[in-house]
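Undergrad: Coordinates for the following, if possible.
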Amino acid sequence: ISKPKFHFLVHLPAYIRWFGPAILFSTECYESFNHVFRLTCIYNNRQAPSHDSCKSFSQQDIIKHIATGG
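TA: Reported below is the predicted structural model:
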């Protein structure tokens, strides 16, 4: 069981000024992924949505792998 450390909140404004946004507390990356996931769910044949989503994600992963140099 982990106990939240609220004392960290005292130092958070200074850390944000020094290092930028608090990435560990950020939700933007998850929200943007929600958009991608929603698009893959919209463009499927409605017969096997999980299969279609997995196929789409695997194709995107292959493209990302090739685009980043393998």
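Undergrad: Could you measure from Asp53 over to Arg38?
TA: That one is not Asp; residue 53 is Ser. 10 Å (C-beta to C-beta, to the nearest Å). C-betas here are computed from N, CA, C, even on glycine.
Undergrad: what's the weakest-modelled helix or strand in this structure?
TA: Least confident element among the helices and strands of the chain, by mean pLDDT, DSSP states H and E: helix 28-42 (a mean of 72).
Undergrad: Show me the strands in this protein, by range?
TA: Ranges of strands in the chain, per DSSP state E: none exist.
Undergrad: just for it, where's the confidence low?
TA: 1-4, 23-31 (pLDDT under 70).
Undergrad: Just the helices from it, written as ranges.
TA: Here the chain has its helices, by DSSP state H, at 8-19, 28-42, 49-67.
Undergrad: Can you spell out which helices and strands pack onto the shortest one?
TA: Just to be clear, that refers to helix 8-19. Helix 8-19 makes packing contacts with no helix or strand when contacts are defined by 3 or more C-beta pairs under 8 Å, 6 or more residues apart in numbering; DSSP states H and E.
Undergrad: ok, residues contacting that helix?
TA: Here helix 8-19 makes contact (C-beta atoms under 8 Å, 6 or more residues apart in numbering) with Ala22.
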